[in-house]
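Enquirer: Predicted structure and sequence below. I'll ask about it afterward.
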Amino acid sequence: MHTLKTNRRNWLKTSALTAGGILAAPYLGFSKNPSLPLTLDSEGNAIYSPFFKEFLPEDLREFPVYSAKLNANENPYGASPMAIEALKVSATGSNRYAWKELYQLVDKIAAFEGVAPSNVMMGPGSSDLLEKTAMVLFMNGGNVVSADPAYMSLIRVAEAAGGTWKPVPLGKDWSHDLEAMEKAIDSETKLVYICNPNNPTGTITDSEALLDFCSRVSEKVPVFIDEAYLWFLEDGAKQSMVSLVKEGKNVIVARTFSKIHGMAGLRVGYAIAREDTLNKLQKITRAGMGITHPSVFAAMAAMDDTEFVEKSRTLNTAARDYTFNSLQELGFNPVPSHTSFMIFPIDMEGREFLNKMTQQKVGVRAFEFLDQKWCRVSIGTMEEMHLFIDAINKVLV
Ligand code: PLP
């Protein structure tokens, strides 16, 4: 479907630009945008690798008011009504730490996943667990092998902690090139990171092949599987790698309540892994200490509200199909998505595109990889996707 044009001249150009013009990013804790990337080029765009860049709006501190906010893969249908009710009721307990209740949530998750409670570690969002894993594993150097492009949170922290990234281009069918990834592992490799389904591409890797890969490779080096978007698949449970943890493999699976459960603002995520692996992470994090009392109750209620999860998946699929077909009708070539977002190539400089979309009150993301500029759009409600298609019609057609 696509070929990776390794354009050396562009690589050199970008590297020179990066080396010569790194801007100081605002300190994360004071930034209005906690997902700010760490390395910016002289134009203020994020450089992830010589081949992978994200365009950022000019003024990072200005948050425009969008009619359709389609830039963070949030659930447009809110959180489950049962979770919101649980939040309200539990708010009165906000003066207490949620230690006891956290055990209840861990037990519930363990039962749901079919693992022991000692295989579950909670975090305020899965970002926290991705980043803590990176800190623990890379504080003494080493490299992380992952796809390029990939979700950058773990990789960025690995680099900041002292590690290096060994990017392996996705295969022609947009799945992880597992053979090339295995070959990329060397004596310095501390972790393989696989996001399945992958962000920012929205594509999947065959679960049988992935099971086989993880099973073999985890004998040499731990494998981190980020399953943030798993539940957007019809057969999510079947495609999960959790069964490998049950087999005693050194695989870490990360999940979040931010996506299909619609709780991005409540910050609850978890990791499933072997006890000895979690003990290592535990050294620098007190697991659920970052999770609020009401969030614990909301997460438990969200797990019970299977109807909301089902509704979110069904509505997402319908709005995604509409978006895919509409983009094709307009002459674009969207990549078939298995998630709550979608990418398609665009023929406009990334920042100019973002600015023009913002003028239309539509928020999206813009990347450059495979020598091509891309728009990544989150799948919102049908109404929001109509606004998005109208905006694309005005900006790009
Ligand atoms: N992993 C992937 C692939 C994501 O896309 C995201 C968020 O967009 C996360 C992890 C982190 O989500 P959270 O920290 O909200 O759990």
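Expert: Arrived safely.

Enquirer: mind listing the strands in the stretch 251-397 of the chain by residue range?
Expert: With DSSP state E, counting those that start in this stretch, the ranges of strands along the stretch 251-397 of the chain come out as 251-256, 269-272, 341-346, 362-363, 365-369, 372-378.

Enquirer: Rounded mean pLDDT for the fifth one, please.
Expert: Mean pLDDT, taken over the full extent of strand 365-369, equals 95.

Enquirer: That one vs strand 372-378, what angle?
Expert: Between strand 365-369 and strand 372-378, the angle comes out at 150 degrees (axes from the mean of the first three to the mean of the last three C-alpha atoms, to 10 degrees).

Enquirer: can you give me how far strand 365-369 is from the chain middle?
Expert: 15 Å (C-alpha atoms, centre = their mean, to the nearest Å).

Enquirer: Wait, L154 touches A147, no?
Expert: No: using C-beta atoms under 8 Å, L154 makes no contact with A147, being 12.0 Å away. Every C-beta, even on glycine, is put in place using the N, C-alpha and C of the backbone.

Enquirer: hang on, the earlier thing: with distance to T292 and mean neighbour count as new columns, can the strands of the stretch 251-397 of the chain be given to me in a markdown table?
Expert: A markdown table is the format used below for the strands of the stretch 251-397 of the chain (distance: least, C-beta to C-beta, whole Å; neighbours: other C-beta atoms under 10 Å):
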| stretch | distance to T292 | mean neighbour count |
| --- | --- | --- |
| strand 251-256 | 16 | 26 |
| strand 269-272 | 13 | 26 |
| strand 341-346 | 27 | 21 |
| strand 362-363 | 27 | 25 |
| strand 365-369 | 28 | 22 |
| strand 372-378 | 25 | 23 |
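
Enquirer: Of all those, which one comes closest to the ligand?
Expert: Comparing the strands of the stretch 251-397 of the chain against the ligand with C-beta to the nearest ligand atom, the closest turns out to be strand 251-256 (3.2 Å).

Enquirer: got JSON lines for the strands of the stretch 251-397 of the chain, with distance to the ligand too?
Expert: Below are the strands of the stretch 251-397 of the chain laid out as JSON lines (distance: least, C-beta to the nearest ligand atom, whole Å):
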{"stretch": "strand 251-256", "distance to the ligand": "3"}
{"stretch": "strand 269-272", "distance to the ligand": "4"}
{"stretch": "strand 341-346", "distance to the ligand": "8"}
{"stretch": "strand 362-363", "distance to the ligand": "14"}
{"stretch": "strand 365-369", "distance to the ligand": "11"}
{"stretch": "strand 372-378", "distance to the ligand": "9"}
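
Enquirer: got CSV for those, with distance to G331 too?
Expert: Listed next are the strands of the stretch 251-397 of the chain as CSV, based on distance: least, C-beta to C-beta, whole Å:
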stretch, distance to G331
strand 251-256, 35
strand 269-272, 39
strand 341-346, 10
strand 362-363, 19
strand 365-369, 19
strand 372-378, 14
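
Enquirer: Any idea which of the ones you listed gets closest to L70?
Expert: strand 372-378 (4.2 Å; C-beta to C-beta).

Enquirer: which helices and strands sit right next to that closest one?
Expert: strand 341-346, helix 350-359, strand 365-369 (3 or more C-beta pairs under 8 Å, 6 or more residues apart in numbering; DSSP states H and E).
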